[in-house]
Every structure is written in C-alpha cells, then in structure tokens.
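*Asks:* what shape does this take:
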Amino acid sequence: MTIDRIGFVGTGAITEAMVRGLLAEPAYAAEIHVSPRSAHIAEGLAAEFAAVTIARDNQDVVARSDMVFLAIRPQIAEEVVRELSFRNGQMVVSLVAATERQALLEWIGADVSLLQAIPLPFVAHRQGVTAVYPPDATVAALFDTLGTAVQCQSRKEYDLLAAASAVMSTYFGIMESVAGWLEKSGLERAKGQAYIAPLFAGLAQKASGAGAEPFSALSREFATRGGLNEQVLSDFDKKGGVAALTAALDGVLARIEGKG
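*Replies:* Predicted coordinates:
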C-alpha cells in the first residue's frame with residue numbers, strides 16, 4: 001500500500017530522514033511536498049528526488065497532500081498550526097513532541113483524522129521503530145515501511161515510549177564517556193571509537209529480533225559471577241547510576257504529561 005501525496009509542515013532533520021526512507025526503493029509515495037522553511041534541506045531533497053516538491057508555504061503543503069505530517073518544534077506549534085486550514089477528513093500526523101492531542105485538535109479546528117507518532121532518525125534507512133497513537137492501519141503501514149511501527153492502545157503507552165526515546169543522547173554519552181576514559185588512559189581516540197561502536201551495536205543486535213531474551217536475562221548472561229562486567233554493573237547501581245536514570249525518566253514523563 002502506498003499513499004499518493006504526502007506533505008511535511010516543517011523541513012528539519014526528522015522530515016529529511018522520513019523523506020529519504022519513504023523514497024528509498026521501492027518508493028512509498030508518488031509525491032512529497034515539503035515546506036520552504038530550512039531551505040537548504042528542502043532544496044537538497046528536491047534536487048535529489050524527483051518526487052519532492054517545495055511548496056510555496058505551509059498552507060500549500062496542506063492543500064496538496066492527502067496525509068500531512070506536522071514536523072515542527074513544540075515552541076512554535078500553536079502559532080504555525082492555527083494559521084493553517086485543513087480539510088474535514090484529512091489525515092494529519094503530529095510529530096510535535098510533548099503536546100497534548102486535544103490541544104492539537106483545537107488548533108487545527110477541523111474534523112481531521114489526527115494521529116501522533118515519534119519517528120527516530122533511523123527511519124532514513126528503514127530501520128526505525130516508531131510509536132503511533134491511536135492505532136491506525138494506514139499510518140502503521142507507512143511506519144512499518146520505515147522499520148517497525150508500535151501501535152499504542154492508550155495515551156499512557158505512547159507517553160511512556162516517548163519518555164524511553166529520550167535516552168538516545170545518554171546512550172551516545174555513555175559511549176563517549178568510555179571512549180574518553182580509554183583515551184585518558186592511553187589509547188588513541190580513533191581506536192577506542194572503532195572498538196566501542198561495534199561493541200554496542202553487537203549488544204543491541206543480541207537484544208533484538210524474534211526470540212530475543214529479556215534484558216534482565218541478557219544482563220545476567222554477560223555478568224559472569226565475580227567477573228568484570230558484574231563489577232561495573234554493581235558499581236553503577238551502588239553509586240547511583242540506576243537511580244539517576246530512573247529519576248531522569250520520571251522527570252521526562254512528567255514533562256510529557258504536562259506535570260513538570
């Protein structure tokens with residue numbers, strides 16, 4: 001299944017990633033319309049893909065599209081969305097972070113089919129996992145093309161996955177901390193990075209796919225009793241690492257739910 005006309009209000013990094021994923025072979029869309037904002041990204045996509053057209057403005061994106069993605073920063077979302085006129089029945093997918101669905105519907109002011117999604121940069125290579133709320137077969141099929149769609153049955157499920165996605169920078173921060181420690185201890189930076197990145201990639205692969213063991217079982221498997229992995233895990237917990245991560249996730253969830 002493909003969608004003929006897809007539009008993006010906002011042309012930032014996630015829009016670029018989605019467009020690249022959607023137009024990888026076989027292409028998922030016949031036409032993709034992007035707003036002129038972030039001209040260097042819009043112009044680059046239009047030059048690379050014949051299916052991409054730069055719209056005159058955001059309203060032109062909405063008018064030309066069957067499915068419209070709102071890929072704008074939450075700080076300007078209300079201002080941008082209130083200025084647009086949507087068609088009753090039009091499918092709108094909000095990628096706006098930490099924004100209540102009811103608020104979006106109020107700003108839109110039309111009887112649209114509104115969904116929310118959290119695509120990650122890996123959709124560019126059709127390897128992303130994307131939370132979608134509420135469940136919808138059409139939108140899920142699109143994100144399944146870009147990797148895997150996880151359809152959330154409740155707003156709580158969606159908010160929890162949104163909070164979990166906030167650990168990406170921390171993931172790379174841990175890699176940087178280990179690489180920095182290696183460099184400080186005498187190993188060339190390039191060698192440390194060349195070792196750490198595949199190590200983490202291999203661990204992620206071990207935890208993915210059908211038949212993968214629970215994270216707790218994998219942790220026990222890799223923490224040989226009395227071994228080095230067990231020592232690091234124990235120190236991480238005893239010195240507040242687990243508590244700090246849990247507190248950070250609680251804080252992010254509160255922010256997403258409008259309580260923080």
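*Asks:* CA only for contacts and neighbour counts going forward, please
*Replies:* Noted.
*Asks:* now do the residue lying farthest from the centre of the chain against residue 233, distance only.
*Replies:* The centre of the chain is farthest from one residue, residue 226, which by CA atoms, centre = their mean lies 38.1 Å away. Using CA to CA, to the nearest Å, one gets 11 Å for the distance from residue 226 to residue 233.
*Asks:* need the overlap of contacts for the two.
*Replies:* Residues touching both residue 226 and residue 233 (CA atoms under 8 Å, 6 or more residues apart in numbering): there are none.
*Asks:* quick one, what contacts the most centrally placed residue in the chain?
*Replies:* Compute the mean C-alpha point of the chain, and by CA atoms, centre = their mean the closest residue is residue 120, 2.3 Å away. By CA under 8 Å, 6+ apart, the contact list for residue 120 reads 14, 128, 129, 130.
*Asks:* how close does it sit to residue 149?
*Replies:* 11 Å.
*Asks:* give me the common contacts of those two.
*Replies:* Common neighbours of residue 120 and residue 149 (CA under 8 Å, 6+ apart) are 129, 130.
*Asks:* confirm that residue 53 sits in a strand.
*Replies:* Yes: per DSSP: H, G, I helix; E, B strand; the rest coil, residue 53 lies within a strand segment.
*Asks:* beta partners of the closest residue to it other than its chain neighbours?
*Replies:* Among residues not flanking residue 53 along the chain, residue 33 sits closest, at 4.9 Å (CA to CA, 6 or more residues apart in numbering). Note on residue 33: beta-bridge partners by DSSP bridges are residue 7, residue 53.
*Asks:* list the contacts of residue 33.
*Replies:* Residues counted as contacts of residue 33 (CA under 8 Å, 6+ apart) are 5, 6, 7, 8, 52, 53, 54, 55, 61, 64, 65.
*Asks:* go on, residue 114?
*Replies:* Contact analysis of residue 114 by CA under 8 Å, 6+ apart lists 91, 92, 93, 94, 101, 105.
*Asks:* okay, and the last one sits in which element?
*Replies:* For residue 105, the host element (DSSP states H and E) is helix 101-108.
*Asks:* need the pLDDT of residue 1.
*Replies:* We have a pLDDT of 59 for residue 1.
*Asks:* where does the stretch 1-150 of the chain dip in pLDDT?
*Replies:* Residue ranges of the stretch 1-150 of the chain with pLDDT under 70: 1.
*Asks:* quick revisit: do you know how far the residue nearest to the centre of the chain is from residue 156?
*Replies:* Separation of residue 120 from residue 156 (CA to CA) stands at 19 Å.
*Asks:* please apply the same query to residue 202.
*Replies:* According to CA to CA, residue 202 stands 31 Å off from residue 156.
*Asks:* again, but for residue 238
*Replies:* From residue 238 to residue 156 the distance is 30 Å (CA to CA).
*Asks:* equivalent analysis for residue 90, please.
*Replies:* Using CA to CA, residue 90 is found at 25 Å from residue 156.
*Asks:* before we move on, what about residue 228?
*Replies:* The spacing between residue 228 and residue 156, counted by CA to CA, is 38 Å.
*Asks:* can you check residue 173 too?
*Replies:* Residue 173 is 28 Å from residue 156, where distance means CA to CA.
*Asks:* could you do residue 49 as well?
*Replies:* In terms of CA to CA, residue 49 sits 38 Å off from residue 156.
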